[in-house]
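Trainee: okay, sequence plus prediction incoming.
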Amino acid sequence: MMHFLTSSFQSLATQTGPSFWLPESVSNFAPTVDGDFYFVYWVSIFFLVLITALLIIFMWKFSAPEGQKATSQNDHNLILEIAWTGIPVILSLMMFWYGYKGYVAMATPPSNAMVITAEAAKWSWNFSYPASGTVVSGASEDFNEIRNALRTGDLTAEQAAEREAKVLEKAGLHVPVNTPVQVNVLAADVLHSLFIPAFRVKKDCVPGRIGQLWFEATEPGVYSLYCSEYCGQGHSAMHSKVVVHPSQEDFDKWLAVAASYDEALPFPELGEIVWKRKGCVSCHSLDGANKTGPTWKGLFGSERKYTENGTLGSAIADESYIEESIRYPMKKISDGYTGQMPVVKLTDKEILWVTEFIKSLR
Ligand code: HEC
Ligand SMILES: [Cu+2]
């Protein structure tokens, strides 16, 4: 009977498109999670209706004329009491059992899963593919720009989709379809949480701890991914996309492109790509506006005041000052800022390009 119940609730949930309550349902876990949801949902509706209806009927049926004292003929009914204790206990245990079984399945990634690391930092994602050493940006900033332009009418839906597709050529979380994927989740600074609604998976990113989630995407497409733990000023902008590729070959092709820099470009342009891809964009502006970190406009060659080990100092922002600021962000803290810059591991080349980019903003 239990099996019959779950499978009938699951069949309610087998559609892959979004439903009234839930988004698209496109992972191995989605049908079971949705089945559990609808089970709890219909049990709640059933009792809400039953209890409310009885309440109203009894109020009407047993009301006495004004002034008459209330009397009760029945103060005890064994069968009724067993029923209203036993049925809820059985229902709660069923809910616990389905939840527990689902939790165990979600907490144990298969050993043949493809491993990806997702690192959350204020306020963007980085995805790395250890098998190939590739790091790819979550590109929150680009997606936000597109979203805002769509809202203000500067882009049509079609143009926005085109721009988004362009960003996704290099950014976002990419996975092949029908392949178990294990995502190790890290946090560079504060609590974040990785949430992919269409897959029904979510995992908190806790600094100093390696969390895990896994899934198998069942339908090629592009789905939302975002942070679901309030993590400060830029929290609502911390969203990205999951791209499910129709085949392993298609995914491999993407990975080769995403990993590469077009090194024929001028250094400042490569530096601008690093600024976006490695998340510097969320704290450093190019237009003179100070965000969480100082703007890069006019930074190069200017005199910087800072605190190092509690003592004040100053220096001209030259190549070595910039390199040190990137490699050891907590060493010299610029005046007017707090030590909020994460250690972002850049290659020597990337540091060179970023430096040239900052130079070009003089
Ligand atoms: C979470 C916000 C944040 C991110 C992301 C971030 N920074 Fe910073 N950055 C800061 C803050 C805050 C400071 C000033 C405090 C300090 O000196 O550490 C700073 C300072 C700097 C400085 C020194 C500027 C000065 O005035 O002394 C450089 C250079 C720099 N960051 C480069 C980078 C690069 C390159 C990246 C991307 C790989 C990056 N930052 C990512 C917040 C951030
Ligand atoms: Cu966050």
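Mentor: Ah, there it is. Ligands and ions are numbered 1, 2, ... in the order given.
Trainee: so the residue nearest the centre of the chain, which of the three states?
Mentor: Geometric centre of the chain, nearest residue: Tyr226, 2.8 Å, by CA atoms, centre = their mean. Secondary structure, DSSP: H, G, I helix; E, B strand; the rest coil: Tyr226 is strand.
Trainee: for Val201, see how far away Ser325 is.
Mentor: 37 Å (CB to CB, to the nearest Å). To be clear about C-beta, it is placed using only N, CA and C from the backbone, and glycine gets the same treatment.
Trainee: ok so, going back, quick one: pLDDT of the residue nearest to the centre of the chain?
Mentor: Looking at Tyr226, its pLDDT reads 91.
Trainee: not counting sequence-adjacent ones, nearest residue to it?
Mentor: His239 (3.7 Å; CB to CB, 6 or more residues apart in numbering).
Trainee: next up, phi/psi of the one you found, please.
Mentor: phi -130, psi 160 (degrees, to the nearest 10).
Trainee: Trp123: neighbour count?
Mentor: Trp123 has 26 neighbours, counted by other CB atoms under 10 Å.
Trainee: quick one: the residue nearest to it when sequence neighbours are not counted from Ala289, how far?
Mentor: In this structure, Trp123 finds its nearest non-sequential neighbour in Gly234, 3.3 Å apart by CB to CB, 6+ apart. With distances taken as CB to CB, Gly234 is found 14 Å from Ala289.
Trainee: those two - which one has more neighbours?
Mentor: Using other CB under 10 Å, the more surrounded residue of Gly234 and Ala289 is Gly234, with 18 against 9.
Trainee: how near is the more buried one to Leu173?
Mentor: 19 Å.
Trainee: now do the buried residues in the helix or strand encompassing Lys253.
Mentor: In the assignment (DSSP states H and E), Lys253 maps to helix 248-259. By 16 or more other CB atoms under 10 Å, the buried positions in helix 248-259 come out as 250-251, 254-255, 258.
Trainee: which positions in the stretch 151-300 of the chain make contact with ligand 2?
Mentor: Within the stretch 151-300 of the chain, the positions near ligand 2 by CB under 5 Å from the ion are 192, 227, 231, 238.
Trainee: can you list the residues of the stretch 1-150 of the chain near ligand 1?
Mentor: Lys122 (CB under 6 Å from any ligand atom).
Trainee: can you tell me how far the nearest residue to Asp287 once chain neighbours are set aside sits from ligand 2?
Mentor: Excluding the flanking residues, the one nearest Asp287 by CB to CB, 6+ apart is Lys297, at 6.1 Å. Distance, Lys297 to ligand 2, using CB to the ion, to the nearest Å: 27 Å.
Trainee: with Trp123 instead?
Mentor: Taken as CB to the ion, the span from Trp123 to ligand 2 is 6 Å.
Trainee: what does the pLDDT read for that residue?
Mentor: If you check Trp123, the pLDDT there is 84.
Trainee: repeat for Met1
Mentor: Value listed for Met1 in the pLDDT field: 41.
Trainee: now Ser132
Mentor: Taking Ser132 on its own, its pLDDT is 67.
Trainee: do the same with the one 5 residues further on
Mentor: Looking at Ser137, its pLDDT stands at 76.
Trainee: ok, and the closest non-adjacent residue to it?
Mentor: With sequence-adjacent residues excluded and distances taken as CB to CB, 6+ apart, Ser137 is closest to Arg277, at 4.0 Å.
Trainee: show me what contacts Ser140?
Mentor: Counting by CB atoms under 8 Å, 6 or more residues apart in numbering, Ser140 touches 123-125, 234, 237-240, 279, 282.
Trainee: so what's the backbone phi/psi at the closest residue to Glu308 other than its chain neighbours?
Mentor: Excluding the flanking residues, the one nearest Glu308 by CB to CB, 6+ apart is Lys332, at 4.9 Å. Here is the backbone geometry of Lys332 (degrees, to the nearest 10): phi -110, psi 120.
Trainee: likewise for Leu173?
Mentor: Main-chain torsions, Leu173, degrees, to the nearest 10: phi -90, psi 120.
Trainee: hang on, the earlier thing: does the residue nearest to Trp123 touch Cys227 like I think?
Mentor: No: contact criterion CB atoms under 8 Å: Gly234 and Cys227 do not qualify, at 9.4 Å.
Trainee: give me the common contacts of these two.
Mentor: Here Gly234 and Cys227 have Trp123 as joint contacts, going by CB under 8 Å, 6+ apart.
Trainee: quick check, Tyr98 in contact with Val43.
Mentor: No: with contact defined as CB under 8 Å, Tyr98 does not count as touching Val43 (11.5 Å).
Trainee: neighbour count: these two, which is higher?
Mentor: Counted by other CB under 10 Å, Tyr98 and Val43 do not tie: Tyr98 has more neighbours, with 20 against 15.
Trainee: list the contacts for the more buried one?
Mentor: So Tyr98 contacts 6, 32, 35-36, 39 (CB under 8 Å, 6+ apart).
Trainee: I'd like those residues laid out as TSV, including pLDDT and neighbour count.
Mentor: Below are these laid out as TSV (pLDDT from 0 to 100; neighbours: other CB atoms under 10 Å):
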residue	pLDDT	neighbour count
Thr6	49	19
Thr32	92	19
Gly35	92	22
Asp36	92	22
Phe39	93	22
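Trainee: give me the number of residues near the residue nearest to Tyr226?
Mentor: Other residues close to His239 by other CB under 10 Å number 21.
Trainee: now do the contacts for it.
Mentor: By CB under 8 Å, 6+ apart, the neighbours of His239 are 140, 143-144, 224-227.
Trainee: quick check, Ser25 in a helix?
Mentor: No: Ser25: not assigned to a helix; according to three-state DSSP it is coil.
Trainee: and Lys101, how close does it get to Glu66?
Mentor: Separation of Lys101 from Glu66 (CB to CB): 55 Å.
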